[in-house]
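>>> Curious how this folds, go ahead:
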Amino acid sequence: MMEKEELISNFIKNELNDVPNSLNRDLYKDNVKFNFREEIDDLKGYVDTFLQEDTSNKIMVLPGLRGVGKTTLILQVYEYLLKEKNVPPNNILYISFDDLNDFVECNIREMVEIYLKNMFNANLRTLDEKVFIFIDESQVDKNWAKTGKIIYDKSYSIFVVFTGSLALQLENNTDLARRMRKKIITPLNYAQHIKLKYNTDVSGLSKALKDLIFTGNVDPAIESEFKANNSLTNCVEYTSNDWDEYFKFGAFPILFDKKSHREISEDIIEITERVITKDLSQIKEISSANQANAKRILRYFALQQPGELSHANLANYLKTSSANVNKILALLEKTHLIFHCEPYGGSAKRIKKSWKYYFATPSIRHALSKKVGNPLQGTDDYEGLLLENLIATNLFNLSNREFTNFTIYYDANKDKNVDFLIQKDSENIIPIEVGRGKKKKSQIKYAINKFNCEYGIIVANNTSTIKKKGDIIYIPPKTFSFL
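Just a heads-up that it's a prediction; the model follows:
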């Protein structure tokens, strides 16, 4: 029987030989190259500066939900190094650590040391040529963050990219947190969807919407909205039902090639199943009973009416303790399947009141609803639930993508409450009300007066384009999804 080191060595050699030859298969369709996510520019910038002897940013971490395009992104950087920067193939290692551990159990440090020994007759300290290591599904090794710190401290010649499903584990490793650059790869907003699917750049609208939300300045956004709509009109491949498809089945570039709604929904369900059966256990030891509970919680959310989540009711539904429910919810958030909003108010209110939970994308909610048979499907109320999730998703992902420091709350008032209250630093509250049809302005006016706001935002079909009437800004749902 082969020794462990030989097994790992053979796996590495196969990857060094196979990956360059599989780039056409993984990054092209019908000889047409896949379009790039915007994050590619940052990654190329970091590897360029590393090649120019600036080694201060040599550890990158790309956490994100399965299916959002992390693997494609790092393979595109791989191709960039190989074909444009002329880095030798043996100096670029891509490893799916999930696959390696299915083949032979090991950790990342062992793998790196065997790679350096066999390819360069060197170790971390003695390596004297530039090497790039891309480790996909790195969370399989629970000590990946510690290994990242060791590589950073011992070698000036290795650039490492870790990808995985864990956004929050890093916060528990302050040593590595000071040494790395973290970029969360979020599900696609509509502008990113348009760029990847049709190679049409409408990112100007995304930037203008961000400015509108936090300043109330509508003029640049109105101009950008007009330009974006013109760009889509002039895009021959773009179809009028594209946004409706995105709304219920979008946000995952991995599903672009799927033809039927049923096929897309089945694949989204498969993504959630793999997150629960693989990612949860890699974050923390979790029993088969709690894996089943995690699936039941997601089904419960898919059927739930909008509103706060009572942990006691959920615990009763699962026939388990509230403490166990809290643990499972926290783990599900770490996988990026769900996220929460807390109630606006002082610390006492936030402790007393329950949180609201949303799926990472409305397409996950829709796929689960189809599977469990949500009786609201096809109704305006159901469409409103999906839209509220979409707005929450866009705001949450904006807070993760940018360095903009703002917090998303829900309005805990029992009467005339709006859907969201957002606050940047200690600035004025910005209330946001969401509706699938046309929304009356009584709730937003009440919130503007109650919180002494400069303006409020209604995301609904009151208007077909951005409009500002007095202290209320109206944004169509399709336009908001570009944020």
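>>> in the top helix by length along the chain, what's buried?
Longest helix of the chain, by residue count under DSSP state H: helix 4-27. Of all the residues in helix 4-27, those buried under the rule 16 or more other CB atoms under 10 Å are Leu7, Ile8, Ser9, Phe11, Ile12, Glu15, Leu16, Val19, Pro20, Leu23. In short, each C-beta sits where N, CA and C put it, glycine included.
>>> can you check stretch 102-117 too?
Those buried within stretch 102-117 under the rule 16+ other CB under 10 Å are Val104, Cys106, Asn107, Ile108, Arg109, Glu110, Met111, Val112, Glu113, Ile114, Tyr115, Leu116.
>>> Which residue ranges of the stretch 101-250 of the chain form helices?
108-120, 144-154, 174-177, 190-198, 203-215, 219-233, 242-249 (DSSP state H, counting those that start in this stretch).
>>> The ones you listed: which one's closest to Ser56?
Closest to Ser56 of the helices of the stretch 101-250 of the chain is helix 144-154 (CB to CB; 10.0 Å).
>>> Pick the most deeply packed of the helices of the stretch 101-250 of the chain.
Highest mean neighbour count of these: helix 190-198, a mean of 22 (counted as mean count of other CB atoms under 10 Å).
>>> tell me the mean pLDDT for that one?
Averaged across helix 190-198, the pLDDT comes to 94.
>>> could I have that helix exported to CSV, CA atoms only?
Output of helix 190-198 as CSV, limited to C-alpha atoms (Å, rounded to 0.1, in the frame of the first residue of the first chain):
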residue,chain,number,x,y,z
TYR,A,190,-29.1,42.1,-10.8
ALA,A,191,-26.3,44.3,-12.1
GLN,A,192,-23.8,41.4,-11.5
HIS,A,193,-26.3,39.0,-13.1
ILE,A,194,-26.5,41.2,-16.2
LYS,A,195,-22.7,41.5,-16.4
LEU,A,196,-22.0,37.8,-16.2
LYS,A,197,-24.9,36.6,-18.4
TYR,A,198,-24.9,39.3,-21.1
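>>> list the helices and strands it packs on?
For helix 190-198, the elements it packs on are helix 203-215, helix 242-249, judged by 3 or more CB pairs under 8 Å, 6 or more residues apart in numbering; DSSP states H and E.
>>> what's in contact with the last one?
Outside of helix 242-249, the residues within contact range by CB atoms under 8 Å, 6 or more residues apart in numbering are 190, 193, 197, 255, 261, 264-265, 268, 362-363, 366-367, 386-387, 390, 477-478, 481.
>>> Which members of those are positioned in helices?
Checked against DSSP H, those include these in helices: 190, 193, 197, 261, 264-265, 268, 362-363, 366-367, 386-387, 390, 477-478.
>>> from what I can see Arg365 touches Ala302, true?
Yes: using CB atoms under 8 Å, Arg365 is in contact with Ala302, at 5.7 Å.
>>> Dump the helices and strands packed on helix 190-198 into a markdown table; add mean pLDDT and distance to Asp381 as well.
Compiled in a markdown table, the helices and strands packed on helix 190-198 are given as follows (pLDDT from 0 to 100; distance: least, CB to CB, whole Å):
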| stretch | mean pLDDT | distance to Asp381 |
| --- | --- | --- |
| helix 203-215 | 95 | 26 |
| helix 242-249 | 94 | 15 |
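>>> So which of those helices is nearest Ser322?
helix 242-249 (33.0 Å).
>>> Report the distance from the closest one to the chain centre.
How far helix 242-249 lies from its chain's middle: 18 Å, per CA atoms, centre = their mean, to the nearest Å.
>>> on that earlier part again, closest one of the buried residues of stretch 102-117 to Ala177?
Taking those together and measuring to Ala177 by CB to CB, the closest member is Ile108, at 17.6 Å.
>>> what's near enough to touch that closest one?
Taking CB under 8 Å, 6+ apart, we find Ile108 in contact with Phe97, Ile135, Ser138, Asp141, Asn143, Trp144, Thr147.
>>> how near is the fifth one to Phe480?
Which is Asn143. Taking CB to CB, to the nearest Å as the measure, Asn143 falls 42 Å from Phe480.
>>> before we move on, back to that, and the contacts of Ile108 as a markdown table, adding distance to Tyr317 and pLDDT?
Listed next are the contacts of Ile108 as a markdown table, based on distance: CB to CB, whole Å; pLDDT from 0 to 100:
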| residue | distance to Tyr317 | pLDDT |
| --- | --- | --- |
| Phe97 | 36 | 91 |
| Ile135 | 39 | 95 |
| Ser138 | 35 | 89 |
| Asp141 | 35 | 87 |
| Asn143 | 36 | 86 |
| Trp144 | 35 | 89 |
| Thr147 | 40 | 92 |
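>>> Of those, grab the buried ones for ChimeraX.
Buried residues among the contacts of Ile108 (16+ other CB under 10 Å), as a ChimeraX selection:
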select :97,135,138,141,144,147
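>>> Lys83 versus the spatially closest residue to Tyr115 that is not a sequence neighbour, what's the distance?
Once flanking residues are discounted, Tyr115 sits nearest to Ile12: 5.3 Å by CB to CB, 6 or more residues apart in numbering. The spacing between Ile12 and Lys83, counted by CB to CB, is 22 Å.
>>> Lys370 and Gly378 touch, don't they?
No: here Lys370 does not reach Gly378: they are 11.1 Å apart, not a contact under CB under 8 Å.
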